[in-house]
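Asker: Predicted model and sequence below, questions to follow.
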Amino acid sequence: MKNPLFGRQGLSDRALAWLFVGPTIVLLLAFNIFPLLWTIYLSLTNYRANRPNADTLWVGISNYQRVLNDPAIWENMQATAHFLVSSIALQLLLGFGLALLLNRRFRSHSFWSTAILLPMMLAPAVVGTFWKYFFEPQYGIFNYIVNFFGGPGTFTMLGDTQLSPWAIVLVDTWMWTPYVMLLLLAGLRSIPPYLYEAAEIDRASAWTKFWRITLPMVMPFIILALLFRTIENFKMFDLVDQLTNGGPGSVTELASIHLKREAFEKWRTGYASALAIIMFVSIYGLSLVAVRFLEKVKQR
Amino acid sequence: MKTIPNSPLEPSARSKWFAGIAVISYAIVSLIPLVWIFMTSFRTPQDAIAYPPKVVTEQSLIGYVNLFTTRSRVSAEELAALPPATTWYEGLVREQQMILAGPSRFVDRYTNSLLIGFGSTLLSVVLGTLAAYAFSRFRVPGKDDLLFFILSTRMMPPIAIAIPIYLMFRNVGLNDTHVGLILLYTVVNLSLSVWLLKGFMDEIPREYEEAAMVDGYTRWQAFLKVVLPQAATGIATTAIFCLIFAWNEYAFALLLTSGTAQTSPPFIPTIIGEGGLDWPAMAAGTTLFLLPVLLFTVLLRKHLLRGVTFGAIRK
């Protein structure tokens, strides 16, 4: 019997390749691409998921127009931008500082780096839950420590419109500084020592070495950390949903929280789908760039 | 970076000393929240809301008892009329002016987390291993585009695809089922699993399988008996990453489950609500939920970087 798929060695490599890759591709199509197409379709209708039997009307791009003309969206975008810029700036500063210090390889440095990494592996929703306890105005340990160092007495991190945007920045920074540190430490360790040896021969100052060797060589890793943190925090849902649930009012209502409220509380499925597509397109654009940098960093 | 002692590249003893102090201070401050939650889980509700906060307190298992039970409040006379408590935990419940009403749902939710975590991890590691091997060894048409497509699915905001997934699950009856969440988490983890495992497979020399095939193994046998044992570390690493993701996932679990298949992350916040602010019970639930992840993180420490960069950075 001659079967083109069976060689002397069992299944041909070609057939095996498809057999091995096939299930993965099928599942990803079913659970990612199909839902995406469905979201695009929904975004062009006035469908409401809580009224499945009502007539669904084709409304063209009017959902997109409503999203883009909605003043609430621009407030959410401002909240998101404040959160993104502040949390990522803090994480880069702290993470880079820690990476530079850890790279001095003092005794027990690997033990302490593992200890520092712990928060980033935890469930963001549960992290949000227990930080609520620390932020309790009457007895929270966070409030106690701030007041111990001369804080203002009574303040409510999560209930104050001025403070709660900073509460989410603080907790996100606590959780994700280790991630930036881990990436940048890898960057520092990838710098070939001969560059510093050469600079040493030229009697370059520590300052010059930092600006002319360390920073340019670590730059791809910094950009990679920046991109990944931006993508992750743009999608941010779990932590903020638990910590503030967008409140007070809507001062911490990030794009994802707004999307959840529209889709699963107000059940404006068509409108929410348009917002989802807009978010997806922005994030997808960022991830294209991120993967480029991942490839670039991989060469090292 | 390899440096020899006394070379100009070796940081001076003083600068090392300073670096050590700074890093250790950061580590200690950043670990306070975790230590504090652990300590709170062994406190009484009164001590948990004491101000100023107490570091040394009476140790109590009330938090754990409240986590695992439901209770109802009774009047002092009713309490006095009851026969004496038969177990230590019943005694602790009575001390709070309450009687035992039954077990809480914590064990169910924890079991759901375990079932869904291990189920989805098994599936995504098996499928991921096969796909990663194919991408590593075979000529797959459009390989780079396919790999990019696979990675890009990881970047999708879960909330954005939750709407159609919710409708899809509602139509086929998968809402609030274990199978539904297992399938969904399997798919979300596939991207990580394929990319990580491809990195590990690329490191196994092709000559091993080729030698086995010259000896008469089929490709499949060579894959099973030569490649898989070599990839064991990689497979274990990948499995732990998938498990942690599924264990921690919140958005889909919140929107797609409500009872039967609910996992721990959407459940733990609800502990606080039951009968006032029961912080020790919340802390006990959090402690039991976080401990396995902390242990796995320590196990994974050498591979963390690789995991969070999808296998791109190896050192």
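Answerer: Okay, I see it. Numbering: from 1, shown residues only, chains lettered A, B, ... in the order given.

Asker: Every contact and neighbour count from this point should use C-alpha atoms.
Answerer: Will do.

Asker: Any idea how far stretch A:285-296 is from the middle of the chain?
Answerer: 14 Å (Cα atoms, centre = their mean, to the nearest Å).

Asker: Check stretch A:193-211 too.
Answerer: 35 Å.

Asker: can you dump the C-alpha coordinates of it into PDB?
Answerer: Provided in PDB are the C-alpha atoms of stretch A:193-211 (Å, rounded to 0.1, in the frame of the first residue of the first chain):
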ATOM      1  CA  PRO A 193      32.900  43.400  30.100                       C
ATOM      2  CA  TYR A 194      35.500  44.400  27.500                       C
ATOM      3  CA  LEU A 195      33.600  47.600  26.900                       C
ATOM      4  CA  TYR A 196      34.300  48.600  30.500                       C
ATOM      5  CA  GLU A 197      37.800  47.400  30.300                       C
ATOM      6  CA  ALA A 198      38.400  49.600  27.300                       C
ATOM      7  CA  ALA A 199      36.800  52.600  29.100                       C
ATOM      8  CA  GLU A 200      39.100  51.800  32.100                       C
ATOM      9  CA  ILE A 201      42.100  52.000  29.900                       C
ATOM     10  CA  ASP A 202      40.900  55.400  28.600                       C
ATOM     11  CA  ARG A 203      40.400  56.500  32.200                       C
ATOM     12  CA  ALA A 204      36.800  57.300  31.600                       C
ATOM     13  CA  SER A 205      34.900  58.500  34.700                       C
ATOM     14  CA  ALA A 206      32.100  56.500  36.200                       C
ATOM     15  CA  TRP A 207      29.700  59.000  34.900                       C
ATOM     16  CA  THR A 208      30.900  58.700  31.300                       C
ATOM     17  CA  LYS A 209      30.800  54.900  31.600                       C
ATOM     18  CA  PHE A 210      27.200  55.100  32.700                       C
ATOM     19  CA  TRP A 211      26.100  57.500  29.900                       C
END
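
Asker: count of neighbours near the spatially closest residue to B:S75 that is not a sequence neighbour?
Answerer: Nearest non-adjacent residue to B:S75, counting by Cα to Cα, 6 or more residues apart in numbering or on different chains: B:Q97, 7.2 Å away. Neighbourhood size, B:Q97 [other Cα atoms under 10 Å in any protein chain shown]: 16.

Asker: name the element the residue positioned nearest the centre of chain B belongs to?
Answerer: In chain B, the centroid-proximal residue (Cα atoms, centre = their mean) is B:I244; its distance is 2.9 Å. Assigned by DSSP states H and E, B:I244 belongs to helix B:232-248.

Asker: And that helix, what does it pack against?
Answerer: helix B:106-137, helix B:178-202, helix B:279-300 (3 or more Cα pairs under 8 Å, 6 or more residues apart in numbering or on different chains; DSSP states H and E).

Asker: just the ones you listed: most buried one?
Answerer: helix B:178-202 (a mean of 24; mean count of other Cα atoms under 10 Å in any protein chain shown).

Asker: Name the residues of the helix or strand following that helix that are buried.
Answerer: Sequence order places helix B:206-214 as the next helix or strand after helix B:178-202, per DSSP H and E. By neighbour count on 16 or more other Cα atoms under 10 Å in any protein chain shown, the buried set for helix B:206-214 is B:209-210, B:212-213.

Asker: ok, of the residues you listed, which one's closest to chain A?
Answerer: B:M213 (8.3 Å; Cα to the nearest Cα).

Asker: if we can go back for a sec, say whether chain A is contacted by the next helix-or-strand element following the helix holding B:I244.
Answerer: As assigned by DSSP H and E, the chain's next helix or strand after helix B:232-248 is helix B:251-256. Yes: against chain A, helix B:251-256 shows contacts by Cα under 8 Å from any Cα of the partner chain at B:251, B:255.

Asker: Just the buried positions in the helix or strand following helix B:251-256, please.
Answerer: Once helix B:251-256 ends, the next helix or strand along the chain (criterion: DSSP H and E) is helix B:264-273. Under the neighbour-count criterion of 16+ other Cα under 10 Å, helix B:264-273 has B:264-269, B:271-272 buried.

Asker: of these, list those near chain A.
Answerer: B:265-266, B:268-269.

Asker: Show me which residues of the stretch 1-150 of chain B sit near chain A.
Answerer: So far as Cα under 8 Å from any Cα goes, the stretch 1-150 of chain B lies against chain A at B:1-2, B:8-9, B:11, B:15-17, B:19-20, B:22-24, B:26-27, B:30-31, B:33, B:37, B:49-53, B:127-128, B:130-135, B:138-140, B:148, B:150.

Asker: just the buried members of those?
Answerer: By 16+ other Cα under 10 Å, the residues of the stretch 1-150 of chain B next to chain A give B:9, B:11, B:16, B:19-20, B:23-24, B:27, B:30-31, B:33, B:37, B:49, B:127-128, B:130-135, B:140, B:150 as buried.

Asker: ok, A:I61 touching A:L44?
Answerer: Yes: here A:I61 reaches A:L44: they are 5.9 Å apart, a contact under Cα atoms under 8 Å.

Asker: of the two, who's got more company?
Answerer: Taking other Cα under 10 Å, A:I61 and A:L44 do not tie; A:L44 has more neighbours (20 against 12).

Asker: for the more buried one, phi and psi?
Answerer: phi -100, psi 10 (degrees, to the nearest 10).

Asker: Show the pLDDT at it.
Answerer: Listed pLDDT for A:L44 reads 93.

Asker: List the contacts of stretch B:179-189.
Answerer: For stretch B:179-189, contacts defined as Cα atoms under 8 Å, 6 or more residues apart in numbering or on different chains pick out A:24, A:27-28, A:31, B:116-117, B:119-121, B:123-124, B:153-154, B:169, B:174, B:242, B:245-246, B:252-253.

Asker: which residues sit in contact with residue 109?
Answerer: Because you didn't say which chain, this covers chain A. By Cα under 8 Å, 6+ apart, the residues touching A:H109 are A:102, B:20.

Asker: wait, chain B
Answerer: B:261-264, B:267.

Asker: now, which of these sits nearest A:L182?
Answerer: A:L182 lies nearest to B:S264 out of the contacts of B:R109, by Cα to Cα, at 28.3 Å.

Asker: Grab the nearest non-local neighbour of that closest one.
Answerer: B:R109 (5.2 Å).

Asker: ok, now B:P266?
Answerer: Nearest non-adjacent residue to B:P266 (Cα to Cα, 6+ apart): B:L254, at 5.6 Å.

Asker: Helices of chain A, residue ranges please.
Answerer: A:13-28, A:34-43, A:62-69, A:71-102, A:109-117, A:124-134, A:141-148, A:164-189, A:193-201, A:206-209, A:215-235, A:238-243, A:255-260, A:269-298 (DSSP state H).
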